[in-house]
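Novice: here is the input, now give the coordinates:
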Amino acid sequence: MKRYDKLIFVSGSDTSTSPMAEAILQSKYLLEDILVESRGLVVLFPEPVNPKVEAVLVSNGLTMKEHASEPLEKVDFDERTLVLTMDSSQKEKILSEYPEAVNVYTLAGYIKRQEDVSDPCGGDLSEYGKCFEQLKELITQLVIVLNEEELML
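Specialist: Below is the predicted model:
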């Protein structure tokens, strides 16, 4: 039996790092199917991904052109959902604003690393490329951890 049915990546606006993480994880192989989504902490209305994010994704054979940002809501939390933030301040914000929050970690923290995902917002295309590479490395490790957890259940 799998541990989680859903994994939600959370970033500030759900237009940059979290949809990039979603696209990367959806391209990986997991032993068990997990619904992968992304949400934002501050989403006033649905927006597409940042054009620089889409350019970096396309150059790596991925896309999120159909993505529209969604806000994180209290219904997103349950025992079968893993919530991974891009940095520790986002994790703390969730824990302070959502009393029902469970299974909330930073992406790096979940795989036992001490780093935040660099936010490329406002940077040039190369900054978005560096963020993609960082996310790809972290998510490759995340896949290993999630698959090992499935083997242990």
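
Novice: could you pull out the helices for this protein?
Specialist: In the chain, helices defined by DSSP state H lie at 17-26, 51-59, 88-97, 107-110, 125-152, listed in chain order.

Novice: so residue 19 sits against residue 38, correct?
Specialist: Yes: using Cβ atoms under 8 Å, residue 19 is in contact with residue 38, at 4.9 Å. All C-beta atoms are positioned from the backbone trio N, CA, C, and that covers glycine.

Novice: who touches both of those two?
Specialist: Shared contacts of residue 19 and residue 38 (Cβ atoms under 8 Å, 6 or more residues apart in numbering): 9, 67.

Novice: before we move on, back to that, can you redo the helices of the chain as TSV with mean neighbour count?
Specialist: Formatted as TSV, the helices of the chain follow (neighbours: other Cβ atoms under 10 Å):
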stretch	mean neighbour count
helix 17-26	26
helix 51-59	18
helix 88-97	16
helix 107-110	21
helix 125-152	16
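
Novice: out of those helices, nearest to residue 32?
Specialist: Proximity to residue 32, assessed across the helices of the chain by Cβ to Cβ, is greatest for helix 125-152 (5.2 Å).

Novice: just checking, what packs against the closest one?
Specialist: Helix 125-152 sits against helix 17-26, helix 51-59, helix 107-110, with contacts defined as 3 or more Cβ pairs under 8 Å, 6 or more residues apart in numbering; DSSP states H and E.
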